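**Student:** Below: sequence and its predicted model.
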Amino acid sequence: MPEPRTAHTSDLTAAELAAIRALLDDSFEGDFSDDDWDHALCGIHATVWEDDALLAHGALVQRRLLHGGRALRTGYVEAVAVRADRRREGLASAVMGALEGVLLRGGYELGGLGAWEGAAALYTGRGWRRWRGPLSVLAPSGMRRIPEEAGNVYVFPVGAPGPDLDGELVCDWRPGDVW
């Protein structure tokens, strides 16, 4: 299996960015918006290429999550996708391993991501923990609960003891899906 390559958005060529966007559009079957694309930029990308073909992608961007009275510097995983004909080969795990390596280098206090139920086994099998407590967003109009995201948010504790998974977790505001 080819090894993942990591690079900041600014180090990717226009052709590489176009290939990533095409993979995401295909993988999410038309449900990957311009806001979703924007969320995946300005961070570290892990990509797996075979010759000139992009097989897998994931991005790690910085966000602030509020928990326990603190603003946590969070590496937030976005836009994880594997080409349809190459799924179940360990490519998503390889991408996640590369992104987790960035998380663990010391720049972040927490890892976070939002995932659909079908991806839960990938994340929990790698040590990501499902958030059990209430979820909110610090919106322009103030704090707002997001109960529809319950069960879809996972965290990766970087240091001990880790967050209280039953406490409230608040994300910063952004257009489109906030989690």
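**Tutor:** In hand now; what should we look at?

**Student:** longest strand of this structure?
**Tutor:** Secondary structure of the chain per DSSP state E: the longest strand is strand 53-67.

**Student:** so what strands line up beside the following helix or strand past it?
**Tutor:** Remark: after strand 53-67, the chain's next helix or strand is strand 70-82, criterion DSSP states H and E. Note on strand 70-82: by DSSP bridges, its sheet partners are strand 53-67 (antiparallel), strand 110-114 (parallel).

**Student:** Can you add distance to residue 166 and mean neighbour count and give those back as TSV?
**Tutor:** Placement of C-beta: from N, CA and C, glycine included. Output for the strands paired with strand 70-82, formatted as TSV (distance: least, CB to CB, whole Å; neighbours: other CB atoms under 10 Å):
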stretch	distance to residue 166	mean neighbour count
strand 53-67	11	21
strand 110-114	16	22
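
**Student:** Spell out for me which residue occupies the centre of the chain.
**Tutor:** Residue closest to the average C-alpha location in the chain (CA atoms, centre = their mean): residue 77, at 1.4 Å.

**Student:** quick one: it from residue 3, how far?
**Tutor:** Look at residue 77 and residue 3: by CB to CB, to the nearest Å, they are 19 Å apart.

**Student:** same deal with residue 66?
**Tutor:** Where residue 3 is concerned, residue 66 sits at a distance of 36 Å (CB to CB).

**Student:** still on that earlier bit, format the strands paired with strand 70-82 as a markdown table; extra columns: mean pLDDT.
**Tutor:** Listed next are the strands paired with strand 70-82 as a markdown table, based on pLDDT from 0 to 100:
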| stretch | mean pLDDT |
| --- | --- |
| strand 53-67 | 98 |
| strand 110-114 | 97 |
